[in-house]
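1. A predicted structure for the sequence below; I have some questions about it.
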Amino acid sequence: MKDTHFDLLVIGFGKGGKTLAATMGRLGKRVAMVEQSAAMYGGTCINIGCAPTKALVHHAEHPGAGSPGERHRQAVEDTRSLTSALRGKNFAMLDTIDSVVVITGRAEFLDPKTVRVTAGNDVLELGADTIVVNTGAEPIVPPIPGLRTSAHLLTSTELIDLDHLPQRLAILGGGYVGVEFASVYAQFGSAVTVLDAGPRIMPREDDDIAAAATGILRDAGVEFVAGAHVTDVRDTGEGVKITYEAGGRTHTLAADDVLAATGRRPVTEGLGLDRAGVRTTPSGAIEVDESLRTSQPHIYAVGDVNGGPQFTYISLDDSRIITDQLIGAGRRSTLDRRFVPYTVFMTPALSRVGLTEREAVEQGLPVKVVEKAVADIAGMPRAKIVGETRGLMKFVIDRETDELLGAALLSIDSQELINAVTLAMRHGVTASELRDAIYTHPSSTEAFNEVLAAPPVREA
Ligand SMILES: Cc1cc2nc3c(=O)[nH]c(=O)nc-3n(C[C@H](O)[C@H](O)[C@H](O)COP(=O)(O)OP(=O)(O)OC[C@H]3O[C@@H](n4cnc5c(N)ncnc54)[C@H](O)[C@@H]3O)c2cc1C
Ligand SMILES: NC(=O)c1ccc[n+]([C@@H]2O[C@H](COP(=O)([O-])OP(=O)(O)OC[C@H]3O[C@@H](n4cnc5c(N)ncnc54)[C@H](O)[C@@H]3O)[C@@H](O)[C@H]2O)c1
């Protein structure tokens, strides 16, 4: 027998689920939010993802007093205080709504309409009309001999909370997590080596942008090895010895700690999805349609668990789609998402939206490329004021229609700039209109006046 019935039951306190729970709760709907850990109220982003990593980026960029070890310890402590405060706020956001209950325990489906929640010896059975799965993703640790059992293995979750500053940090994987931590820990003073299995570091980016970004990181002390196939990880008295093949030769690397930054997989294990009749994809994500409905029409999946892009703002947008299904006109879907930007928070940040030059040329578009090194942009004094003149701004434009096809901004404030470019692209603002707009001064945005007026560096 079910203990309680709800209008909406959310499994996992992630961005999409909590937003939906709050929206429906404020409308007086009976909502249960089930989260397996009190340390995760608010989900990955605020506890072990975006917020703590960006706090560490900020600390690394603005070092306080003391030795490198002391500065790092202070940064970790301040980050713990930040996440603790955010966690409290997130819990209160739902707990203060009368019709919402936060239940701390692990959820699994018993059948399509019933979820069992287990917390120690306590077991509850809950029923709901609508169920939303928002269980996120977890780090993949590749099955390299010796890696999973190494005492020096860290995932991003542990590295955020590390009490000591590794003198030598090895990072497996040069994606978002790998590059961000490489940038942060090199600034804290660690000797960082990134080993990536792919043929090139930053394969998503054009060659010039990848070269500029990796150049900045190399100057900061980060070593990159592309095409590195790690074959063995062995603990030694002083740390860890990593053996890898690259360029047809065998190499070894000694490190104090090794970060596995080799991707994150959707969390579906132990959810009883088969009992609920919810199908998964071959890669282990919950299968959803463009309205984020699973193979059971009353069960939805939001955020990383549905196999979409792994960003907090995508989980948030997922919640908009479901809100629209539940209480709106039902018009929103994943099909109407256009131009999703991203930022890699190295120093300075690398942000991108739309097509790369390579993609635009491959599509046979009439391409014009304008770009400028940040140091050469006279009309952007902000870079000089704050002492961060590294980087490159690049726009890919359709030379026949003046349409903005894409932008890659490696610069101070690019995590803000890219949102302005994205909005412009979504609303059909042309390259000339973006060039001739009035921007405040001194700001980073005013660089658009100059970069977009520069003569093309390439045309195709
Ligand atoms: C180090 C790092 C840095 C990142 N930085 C950024 C960034 O700068 N910008 C950005 O946009 N994205 C970033 N991301 C990605 C972003 O954090 C995720 O895409 C986002 O948090 C996913 O949210 P979600 O809604 O899918 O669920 P999550 O926030 O992952 O929440 C899932 C919740 O479900 C709970 N749960 C799982 N199983 C069960 C169960 N059976 N029962 C009950 N509860 C359960 C988990 O404990 C967890 O709290 C980063 C990720 C990492 C790891
Ligand atoms: N700023 C942000 O928005 C941000 C920051 C961090 C994480 N995230 C999200 O988190 C997700 C996970 O990030 P991630 O960096 O772990 O994954 P990723 O997919 O971005 O990168 C994984 C990297 O690991 C490499 N790799 C895989 N197996 C390997 C192996 N055995 N040895 C060496 N290299 C190997 C791949 O070639 C790839 O470059 C991302 O998809 C991203 O969406 C976003």
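-> The structure has been received and is ready for your questions. Ligands and ions are numbered 1, 2, ... in the order given.
2. use CA for all of it now, contacts and neighbours both
-> Fine.
3. For burial, what's the neighbour tally of Pro309?
-> When neighbours are counted by other CA atoms under 10 Å, Pro309 registers 13.
4. what about it, which SS state?
-> Assigned state for Pro309: coil (three-state reduction, DSSP: H, G, I helix; E, B strand; the rest coil).
5. check contacts around Ala197.
-> 173, 226-230 (CA atoms under 8 Å, 6 or more residues apart in numbering).
6. Now it: which helix or strand?
-> Secondary structure assigned from DSSP states H and E places Ala197 in neither a helix nor a strand.
7. Show me the shaky parts of this structure.
-> Counting by pLDDT under 70, the low-confidence segments of the chain come to 1-3.
8. What residues does it have near ligand 1?
-> Remark: the part of the chain in contact with ligand 1 comprises 11-16, 34-37, 40, 43-45, 49-50, 53, 105-108, 134-137, 156, 177, 271, 303-305, 310-313, 315, using CA under 6 Å from any ligand atom.
9. Sort out which of those are buried, if you could.
-> Using 16 or more other CA atoms under 10 Å as the burial test, the residues of the chain next to ligand 1 include 11-16, 34-36, 40, 43-45, 49, 53, 105-108, 134-137, 156, 177, 271, 303-305, 310-313, 315 as buried.
10. could you pick out which of the residues you listed are near ligand 2?
-> Restricting these to those near ligand 2 by CA under 6 Å from any ligand atom leaves 177, 310-311.
11. Tell me the one among those residues nearest to Val258.
-> Using CA to CA, Val177 comes nearest to Val258 of these, at 13.0 Å.
12. what's the offset of the strand or helix carrying that closest one from the middle of its chain?
-> When secondary structure is defined by DSSP H and E, Val177 falls within helix 176-188. Here the centre of mass of C-alpha atoms in helix 176-188, compared against the chain's by CA atoms, centre = their mean, to the nearest Å, lies 14 Å away.
13. With just CA atoms, put the next helix or strand along the chain from it into PDB.
-> Moving toward the C-terminus from helix 176-188, the first helix or strand encountered (DSSP H and E) is strand 191-195. C-alpha atoms of strand 191-195 as PDB (Å, rounded to 0.1, in the frame of the first residue of the first chain):
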ATOM      1  CA  ALA A 191      52.800  21.000 -12.100                       C
ATOM      2  CA  VAL A 192      49.900  19.700 -14.300                       C
ATOM      3  CA  THR A 193      50.000  17.200 -17.100                       C
ATOM      4  CA  VAL A 194      46.900  16.500 -19.200                       C
ATOM      5  CA  LEU A 195      46.800  13.100 -21.000                       C
END
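14. So which elements touch strand 191-195?
-> Secondary structure elements in contact with strand 191-195, counted by 3 or more CA pairs under 8 Å, 6 or more residues apart in numbering; DSSP states H and E, are strand 168-172, helix 176-188, strand 223-225.
15. Tell me where the longest strand sits in this structure.
-> Criterion DSSP state E: the longest strand present in the chain is strand 122-133.
16. Just checking: what are the partner strands of that one?
-> On the basis of DSSP bridges, the sheet neighbours of strand 122-133 come out as strand 4-11 (parallel), strand 114-119 (antiparallel), strand 299-301 (parallel).
17. outside of the longest one, which residues touch it?
-> Under the contact criterion CA under 8 Å, 6+ apart, strand 4-11 has outside partners 17-18, 21, 24, 29-35, 107, 125-135.
18. If we use 6 Å, what do you get?
-> When contacts are defined by CA atoms under 6 Å, 6 or more residues apart in numbering, strand 4-11 is touched by residues 30-34, 126-134.
19. quick one: which of the residues you listed is nearest to ligand 2?
-> Closest approach to ligand 2 among the contacts of strand 4-11 (CA to the nearest ligand atom): Asn134, at 15.5 Å.
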